[in-house]
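A structural model of the following input is requested.
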Amino acid sequence: MTGITVAGNANNLGNANNQLAKSSDVVLNYMNNLYVADYLNCRVQKYLHGASSGTTVTETRIAGSSPSQLQHTYRAIMDTNEDLYVADSSNHQIQFLLLTEIIIGFSSFMLASRVAQSQQV
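Modelled structure (predicted):
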């Protein structure tokens, strides 16, 4: 059986929208959109079903520790509201990505210390 590349560019890592650098996890939503934890690029990429290029669902592609930055995205889990929990491994935290607000802006919370505040959103 031969596999078909559905995200990234085989043997050509990079940070362009059609490239990944050490993808570490994937999540598929009910519309068959693919979310990829792009470990070395410190981002989460969303690939619409059938698209060869993704879009970054985090506010910035620059690695860091502010609420709008990730550093080495390791795992991603989607809840029933289609929001993501991302293991931000080098920052030793879990980031909550409220994808339902991506249209109007990025929202992120450090779950361990701000659970009460995130429930008010």
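
leaving out the residues flanking it, which one is nearest to the most centrally placed residue in the chain?
Centre of the chain computed as the mean C-alpha position; nearest residue by C-alpha atoms, centre = their mean is Val44, 2.2 Å away. Closest residue to Val44 apart from its sequence neighbours, by C-beta to C-beta, 6 or more residues apart in numbering: Val57 at 4.9 Å. Every residue, glycine included, has its C-beta placed from N, CA and C.

that neighbour reaches Gln45, doesn't it?
Yes - the criterion here is C-beta atoms under 8 Å, and Val57 meets it with Gln45 at 7.2 Å.

any idea of the pLDDT on Ser113?
Reported pLDDT at Ser113 in the predicted model: 32.

coming back round to it: who has more neighbours, Val57 and Gln45?
When neighbours are counted by other C-beta atoms under 10 Å, Val57 and Gln45 differ, and Gln45 comes out ahead with 26 against 18.

which parts of the chain are strands?
Secondary structure of the chain (DSSP state E): strands located at 23-28, 34-38, 43-47, 55-56, 73-78, 84-88, 93-97, 108-110.

tally of neighbours for the residue nearest to Thr58 when sequence neighbours are not counted?
Nearest residue to Thr58, sequence neighbours excluded (C-beta to C-beta, 6+ apart): Arg43, at 5.3 Å. Neighbours of Arg43 under the rule other C-beta under 10 Å: 25.

what does the one 10 residues further on give?
A total of 13 residues lie near Ser53 under the criterion other C-beta under 10 Å.

the nearest residue to Ile77 once chain neighbours are set aside pairs with what?
Nearest non-adjacent residue to Ile77, counting by C-beta to C-beta, 6+ apart: Tyr85, 4.8 Å away. When bridges are called by DSSP bridges, Tyr85 pairs up with Ile77, Phe96.
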